[in-house]
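**Student:** attaching a predicted model along with its sequence, questions to come.
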Amino acid sequence: MKIKVIVTLKNGVLDPQGKAIQQTLNGMNFGNVEDVRQGKYFEIEVKEKDEKKAKSLVDDMCKKLLANLVIEDYKIV
Amino acid sequence: MRSSVIIFPGSNCDRDMDVALKKFGFKNQMVWHNDQSIPKSDLIVLPGGFSYGDYLRCGSIASKSKIIKSVIDFANSGGLVLGICNGFQILTETGLLNGILQQNKFLNFICSNVFIKVKDKQNKYFRDLKKDILELHIAHNEGNYFCSDDELKLLEDNNQIAVTYCGEDGAENEATNPNGAIKNIAGIFNKNKNVLGMMPHPERMIDKYLSGEDGSLFFKNILDNFK
């Protein structure tokens, strides 16, 4: 079963890359872009048929490796 | 004093560290990350570099490598663990040190000499150090130290801030902060001050003809405190 995870910086944590992307977009005449936050996306193939179990495994993986909870939040989608 | 330098795939300051440690009289051994255990040591060093190509987050993969359990056990038993640059990033990812090193504020790789101020001398690294301000070298893309307000308060209350970026005259401000680190933090201790992580490279300042000798002071001081 494939589980998808999105890891993003927490609100309030400076995202210099997102800022640079926003400024570039503004410079390309996308003037209505007010903010960009960059994150990471994972597709994890888990050998597990029960969706609830698979998601709970991935939740554990997020806490232990995929996200650093000091600055990042994660969302299993 | 016996030391061990751990080598990860992508470490690149391991041999410089080996040269520096031996120059001042450490009996140093190199230890591969996939080894089960670390030879008897008084100091373990996690060197600079780009362990595992900085994949996922700097230091995150190395912090799960086979040898790390021994490093954590050693640190928890009071042993001296020093992480320089990528070594500092690895230490934060293991949880031995608080916070995280984020990308530099202006998205640039910084390679330059900096001045750092020693903020605490009640520890085995800086006790009786003759200077308060050292000139060392930094070379990093992710040295922008960050932690939560609560963690910062704990660091300050326990005097765990080890070194900060400053000017030659000691001024700590935005102008003397190369990477955006909160409170100009260049290095911190764990609560017991046996674990030190810092971005500057003392091993690059051990020869007066090549660079400078403030790194020599640092290594000699660790030895003097051990005697």
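**Tutor:** Looks like it came in fine. All of these numbers come straight from a predicted model, not from anything done at the bench. Residues are numbered from 1 along each chain as shown, chains lettered A, B, ... in the order given.
**Student:** mind giving me the packing neighbours of the strand or helix carrying residue A:17?
**Tutor:** Following DSSP states H and E, one finds residue A:17 within helix A:16-27. Here helix A:16-27 is seen to pack against no other helix or strand when contacts are counted using 3 or more CB pairs under 8 Å, 6 or more residues apart in numbering or on different chains; DSSP states H and E. For glycine as for every other residue, the C-beta is placed from the backbone atoms N, C-alpha and C.
**Student:** now the following helix or strand past it - C-alpha only, CSV.
**Tutor:** Sequence-wise, the next helix or strand downstream of helix A:16-27 (DSSP H and E) is strand A:39-45. The C-alpha coordinates for strand A:39-45 follow below in CSV (Å, rounded to 0.1, in the frame of the first residue of the first chain):
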residue,chain,number,x,y,z
GLY,A,39,8.2,21.3,1.6
LYS,A,40,9.0,17.7,0.9
TYR,A,41,6.7,15.0,-0.5
PHE,A,42,7.2,11.2,0.1
GLU,A,43,5.5,8.2,-1.4
ILE,A,44,6.1,5.2,0.9
GLU,A,45,5.3,1.7,-0.3
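**Student:** what sits up against strand A:39-45?
**Tutor:** Contact with strand A:39-45 is made by A:1-9, A:58, A:61, A:66, as judged by CB atoms under 8 Å, 6 or more residues apart in numbering or on different chains.
**Student:** those also near chain B: which ones?
**Tutor:** residue A:66 (CB under 8 Å from any CB of the partner chain).
**Student:** out of the contacts of strand A:39-45, which sit inside strands?
**Tutor:** The strands, defined by DSSP state E, take in A:2-9 from the contacts of strand A:39-45.
**Student:** next, the buried residues of the top helix by length along chain B.
**Tutor:** Ranked by residue count, the top helix of chain B under DSSP state H comes out as helix B:214-226. Neighbour counts over helix B:214-226 (16 or more other CB atoms under 10 Å in any protein chain shown) mark B:214-222, B:225 as buried.
**Student:** helices and strands around that helix, which ones?
**Tutor:** Contact partners of helix B:214-226 among helices and strands, from 3+ CB pairs under 8 Å, 6+ apart: helix B:14-23, strand B:133-140.
**Student:** CA atoms only for the worst-scoring helix or strand of chain A on mean pLDDT, dumped as CSV, please.
**Tutor:** Considering only helices and strands, the least confidently modelled element of chain A by mean pLDDT, DSSP states H and E is helix A:16-27, at a mean of 90. This file holds the C-alpha atoms of helix A:16-27, laid out as CSV (Å, rounded to 0.1, in the frame of the first residue of the first chain):
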residue,chain,number,x,y,z
PRO,A,16,14.6,31.2,2.8
GLN,A,17,14.1,29.0,-0.2
GLY,A,18,10.3,29.7,-0.2
LYS,A,19,11.1,33.4,0.1
ALA,A,20,13.5,33.3,-2.9
ILE,A,21,10.9,31.4,-5.0
GLN,A,22,8.3,34.0,-4.1
GLN,A,23,10.6,36.9,-5.1
THR,A,24,11.4,35.2,-8.3
LEU,A,25,7.7,34.6,-9.1
ASN,A,26,7.0,38.3,-8.3
GLY,A,27,9.9,39.2,-10.6
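**Student:** what does it rub up against?
**Tutor:** A:9, A:33-38, B:103-107.
**Student:** rewinding a little: any idea which of the helices and strands packed on helix B:214-226 gets closest to chain A?
**Tutor:** strand B:133-140 (14.2 Å; CB to the nearest CB).
**Student:** which residues touch residue B:33?
**Tutor:** In this structure, residue B:33 makes contact with B:6-9, B:62, B:65-67, judged by CB under 8 Å, 6+ apart.
**Student:** repeat for residue B:32
**Tutor:** With contacts defined as CB under 8 Å, 6+ apart, the neighbours of residue B:32 are B:6-7, B:67.
**Student:** what do you get if the cut-off is 6 Å, keeping everything else the same?
**Tutor:** Residues near residue B:32 by CB atoms under 6 Å, 6 or more residues apart in numbering or on different chains: residue B:7.
**Student:** tell me the pLDDT at it?
**Tutor:** Residue B:32 is assigned 97 on the pLDDT scale.
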